[in-house]
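Colleague: Sequence plus the predicted model coming up.
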Amino acid sequence: MTKKIIVLLMLIIFPTTASAASWFLNTWAKSAGGTVNSRNMLNQTSTAGSLFKSYTTHAALPVTVTANTGYSIRDLTVNGVSTSYPASPVTAYVQGMTQQTVYATFVANLLSITASAGYGGSVTPASLSNIYYGQKPSSAIKFTFTPISGWNVVSIGGVPAGATVSTSLPAPPNVAVSVTFPTTYTFTSNVALSGTFAGPPVAVTGAPQTVLPGTLVTLNGSASTGAITSWSWTQTTGPGFPGTKVLADNTSGTTVSFTPTLVGTYNFRLTVTGGSAATTTVIVTSDPAAAARSQCQNCHQGIGIGSGSNVFGKWSSSTHRAQLVMCGKCHVGADAGGHPGFLTSGTVSESTFLSTRGGGNFCLTCHSATIGSDFAASPHSANALTCSSCHTQGVHNPDVLDTVCNGCHRDASGNVTNHPFAIGANPCVACHNPHSTAGSAAGATSAHYNNLTSAGYPASYVTSRSNCSNCHADSSANLSVRQQWGRSAHAAVADPPWKGEDYKTKSGCVQCHTTTGFVAWSSARWTAAWGSAADKTKEVLNCNGCHSDIAAGALRSVTPVRPYADDPGYQNPNIGKSNICLGCHSGTNNGQGIAVRLANQADFGNLNFSGPHLMAVGGTSYARGGYHFPGRSYSAEATHTRLGSGDASGPCLSCHKNATNGHTFASGALPVCAGCHGTYLTEASLAADRASFQNALEILR
């Protein structure tokens, strides 16, 4: 008997593993282009869909995401927290005992072809971009290298296997040579073609220079081509010339230097072996703006070039002018004479500051290369911002950033060195919202951040579980959408559905009153509390709550639910995309709950009020919300069940997110109501009906 008691006690104290608590790991490769490896499945791809496996272990489990060759990890989301473009492979560790989710999406890498030509020829086109890894041309792509008169194409570097060259190299003089990518060619890497040319010796001088008095000037003829054994420089004009010369006649060397002290224009000629000659100019000025006006602006203004975009005005206000970065520093092409010609590194995009010829950032021709690498690694790049998003005056006055972002994005020395400097390094951010001084990015007046902890403190856009990309998935394409959302009840940080309680700590509430909870519920019906009361942030419904892909506008897939505990036989109808709304807008109780209490002979005088919960329009629309009196007919045909029946968006979205309301989801007498109710259903008539209903409730009370 004693042994039996001991065994029984052991079973009570040490329960069997069969009764151990379990938790789910949900993994999902949401697009092609990579694999997810975990205990759920090895090399899980998009064809496997969303996988759920149950575990009882308390140990941390690794989940490794790897992009295929030619692909990148576009997004890694672990328990609702997203990381954009992490390096591949990346491993996340998850640990129960609550449900854990790891989702990954992949994107094919973008490739490009660039083509450059050395002196003695040109190439057309200069570049081709936006080519995806694994893509084949729909028609043959041809790059043609053309020599100048008397010259020939000597070589073309960077031609990959599979591309063809039109003639053997070196080619005869004056013959153009083409590199062709046929329709059978598959792009698997960037291609950089470079042509070299040969011909008789040709003198080439540097670009015209504009300097301040007392500045050391260097004349450079090293770009001259051909078999050259002699370089001879001669000054031809200048202040005090010929009595005063800054350079002696026939000075020899590929480069020569001098320091002018007098303001004026100096001209020089370089003659190389064989007699080829070229000239260059040095303008010495004490007024950069006046020099630029004389050299460029007067002519350009007269023929209307650059006037509409105020090029001269922007440059005159910039640090470029103060540092004597003149027009000719950037605008120099094949013409080494008086007119600058094309930009040195090709045409520059006013948005991205990228050269459309070479593809690189044009600023890096003078500035540190870390500008490009740091920006590429920053959240700004990941969220599709461009240079002009911050440098709002474009390439001609890029330092206008000082009045836009530099107030916060600086290092300890006050410099913006890493494009951008982490705003978290600014101690002011601990208490103040840096983005609220000019209104929020969504167009609302509510702050992105919130440092209040008093009773009933409001929610905020930025919380412990959110990041900028939850709404800012692009630079400006969805700005109007964010502004509409900012005016909607979904973003109303001071409204009861968001600030009324600390909902993240309340199981059964999180799925509708927090973005994190809604994502967990819509993907796995998970309704458990996910937050801590020590975390003084409250969530509104951000863009990533409803959208699985914000930039593309893709909605999360939600299936109909059974919203009422006391009416388990009823399930919401399948109303397409509007399912995403109905789960939270059906209410939590209906009249069947009262019927159940009546059947159990409940004493209603000692029970709390049994209400439908707020915003329960779904229950009303489908005749399931109110109490059904015996003997009365509650035909669904008399309700709004036919709304949206001809629209794949369903009734909620077809009415509340139409062309007029957008993401404000406005309520009231919507234009669509006139389809059935005519013109008599107005805001005024609805207000009168509402007042009558409230009066009836008061009489009943």
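Modeller: That came through, no problem.
Colleague: can we go C-alpha only for contacts and neighbour counts from here?
Modeller: Fine.
Colleague: pLDDT wise, what is residue 415 at?
Modeller: Reported pLDDT at residue 415 in the predicted model: 56.
Colleague: elements contacting the strand or helix carrying residue 101?
Modeller: Applying DSSP states H and E as the criterion places residue 101 in strand 100-108. On a contact count with 3 or more Cα pairs under 8 Å, 6 or more residues apart in numbering; DSSP states H and E, strand 100-108 meets strand 23-29, strand 61-67, strand 71-78.
Colleague: of all the ones you listed, which lies closest to residue 95?
Modeller: Set against residue 95 and scored by Cα to Cα, the helices and strands packed on strand 100-108 come closest in strand 61-67, at 6.2 Å.
Colleague: Quick check: mean pLDDT of the closest one?
Modeller: Mean pLDDT, computed over strand 61-67, is 96.
Colleague: What of stretch 289-297?
Modeller: 82.
Colleague: who touches it?
Modeller: Residues outside stretch 289-297 that contact it (Cα atoms under 8 Å, 6 or more residues apart in numbering): 285, 312, 316, 321, 326-327.
Colleague: dump the residue contacts of the closest residue to residue 121 other than its chain neighbours.
Modeller: Residue nearest to residue 121 in three dimensions, not counting chain neighbours: residue 147, with 3.9 Å by Cα to Cα, 6 or more residues apart in numbering. Neighbour list for residue 147: 120-122, 153, 173-176, 197 [criterion: Cα under 8 Å, 6+ apart].
Colleague: Let's see that with 7 Å instead.
Modeller: Contacts for residue 147 (Cα atoms under 7 Å, 6 or more residues apart in numbering) come out as 120-122, 153, 174, 176, 197.
Colleague: Closest one to residue 32 out of these, please.
Modeller: Looking across those and measuring by Cα to Cα, the closest to residue 32 is residue 122, at 40.7 Å.
Colleague: For that closest one, name its beta-bridge partners.
Modeller: On the basis of DSSP bridges, residue 122 is bridged to residue 146.
Colleague: so how many other residues sit close to residue 124?
Modeller: Summarising burial for residue 124: neighbours were counted as other Cα atoms under 10 Å, giving 14.
Colleague: tell me which element residue 448 falls in.
Modeller: Following DSSP H and E, one finds residue 448 outside all helices and strands.
Colleague: before we move on, the earlier item: using a markdown table, lay out the contacts of residue 147 together with pLDDT and distance to residue 543.
Modeller: Listed next are the contacts of residue 147 as a markdown table, based on pLDDT from 0 to 100; distance: Cα to Cα, whole Å:
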| residue | pLDDT | distance to residue 543 |
| --- | --- | --- |
| 120 | 85 | 55 |
| 121 | 92 | 52 |
| 122 | 94 | 49 |
| 153 | 96 | 56 |
| 174 | 94 | 60 |
| 176 | 97 | 54 |
| 197 | 92 | 55 |
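Colleague: which stretches of the stretch 51-200 of the chain have low pLDDT?
Modeller: Within the stretch 51-200 of the chain, no stretch has pLDDT under 70.
Colleague: What segments of it are strands?
Modeller: Taking DSSP state E, counting those that start in this stretch to define them, one finds strands in the stretch 51-200 of the chain at 61-67, 71-78, 81-84, 90-94, 100-108, 110-117, 121-124, 127-132, 141-147, 152-157, 164-165, 177-181, 191-198.
Colleague: and residue 50, which of those strands is closest to it?
Modeller: That would be, of the strands of the stretch 51-200 of the chain and by Cα to Cα, strand 100-108, which comes in at 8.7 Å.
Colleague: Measure how the closest one sits relative to strand 90-94, angle-wise.
Modeller: Relative orientation of strand 100-108 versus strand 90-94 (axes from the mean of the first three to the mean of the last three Cα atoms, to 10 degrees): 170 degrees.
Colleague: Just give the strands next to strand 100-108 in its sheet, each with its orientation.
Modeller: Counting by DSSP bridges, strand 100-108 is paired with strand 23-29 (parallel), strand 71-78 (antiparallel).
Colleague: Spatially nearest residue to residue 76, not counting backbone neighbours?
Modeller: With Cα to Cα, 6+ apart, the residue lying closest to residue 76 is residue 104, at 4.6 Å.
Colleague: wait, doesn't residue 538 sit right on residue 457?
Modeller: No: at 8.7 Å, residue 538 does not count as touching residue 457 under the criterion of Cα atoms under 7 Å.
Colleague: So which of those two has more stuff around it?
Modeller: Applying other Cα under 10 Å to residue 538 and residue 457 shows that residue 538 carries more neighbours, namely 27 against 20.
Colleague: first vs last residue of stretch 126-140, how far apart are they?
Modeller: End-to-end distance for stretch 126-140, by Cα to Cα, to the nearest Å: 16 Å.
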